[in-house]
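Asks: Next input, structure requested:
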Amino acid sequence: MTWLSALRRDKRGAAVIELGMAAPVLAVLMIGMVDLSRGYSAKLQLTQAAQRSIEKVMQGTQNTTVYQALTTEAATAAGVPTTDVTVDWWLECNGTRQTNYNTNCPNGNTYARYLTVEVRKKYTPMFKTRYAGFAGGNSDGSWTLKGKAGIRVQ
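Replies: Sure thing, here's the model as predicted:
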């Protein structure tokens with residue numbers, strides 16, 4: 001009986017028990033930070049791929065044949081299929097988007113031509129989330145990341 005009462009008062013193993021309770025929480029936090037940083041890095045790579053493809057336009061020409069080649073350029077730079085790349089170009093006359101890029105604005109209108117490139121890619125973290133609505137996640141536990149770049153070409 002005295003042995004049980006001495007064991008109850010003994011505090012020497014408390015630190016090990018506390019560490020055992022805190023270690024899983026710290027491990028989950030660490031893995032979560034790694035997942036977030038990997039996801040952000042992947043998004044940054046997509047944005048850089050879109051910017052790299054736009055650099056071709058900044059070299060001088062602004063016709064639609066060059067823009068069609070941007071889809072392949074962005075897909076190659078990002079390592080995704082061309083179906084995951086969207087290239088959009090448009091003409092604005094007095095701030096209103098026009099349906100035909102190759103037309104000219106009426107005299108006296110302010111005009112501007114724009115180009116945007118968007119690249120999409122799936123990112124699967126170490127811990128998949130099964131809830132599709134959680135932070136924009138997909139039903140398979142992945143997220144669709146998007147990198148976008150744009151420029152006014154004229």
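Asks: May I ask which helix or strand of the protein has the lowest mean pLDDT?
Replies: Least confident helix or strand, the chain: helix 2-9 with a mean of 74, by mean pLDDT, DSSP states H and E.
Asks: On the C-terminal side of that one, identify the next helix or strand.
Replies: Reading on from helix 2-9 to the C-terminus, the next helix or strand found by DSSP states H and E is helix 14-54.
Asks: Report all helices and strands that that following helix contacts.
Replies: helix 64-78, strand 111-123, strand 143-152 (3 or more CB pairs under 8 Å, 6 or more residues apart in numbering; DSSP states H and E). To be clear about C-beta, it is placed using only N, CA and C from the backbone, and glycine gets the same treatment.
Asks: chain center to that helix, what's the gap?
Replies: Remark: helix 14-54 is offset 15 Å from the chain centroid, using CA atoms, centre = their mean, to the nearest Å.
Asks: can you tell me the average pLDDT over it?
Replies: For helix 14-54, mean pLDDT is 88.
Asks: Next, the angle strand 143-152 makes with it.
Replies: Calculated by axes from the mean of the first three to the mean of the last three CA atoms, to 10 degrees, helix 14-54 forms an angle of 40 degrees with strand 143-152.
Asks: Indicate which one of the helices and strands packed on helix 14-54 is closest to residue 56.
Replies: helix 64-78 (6.4 Å; CB to CB).
Asks: Tell me how far that closest one lies from the chain's centre.
Replies: Taking mean C-alpha positions (CA atoms, centre = their mean), helix 64-78 and its chain are 19 Å apart.
Asks: which residues are in contact with it?
Replies: Residues from elsewhere that reach helix 64-78 (CB atoms under 8 Å, 6 or more residues apart in numbering): 45-46, 48-50, 52-54, 56-57, 81-82, 84-85, 87, 89, 101-102, 115, 117, 119, 121, 147.
Asks: Mind doing that once more with 7 Å?
Replies: 45-46, 49-50, 52-53, 56-57, 81-82, 84-85, 87, 89, 101-102, 115, 117, 119, 121 (CB atoms under 7 Å, 6 or more residues apart in numbering).
Asks: Please convert the buried members of those residues into PyMOL selection syntax.
Replies: A single PyMOL command selects the buried members of the contacts of helix 64-78 (16 or more other CB atoms under 10 Å):
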select buried, resi 45+46+49+50+52+53+57+84+85+87+89+101+115+117+119+121
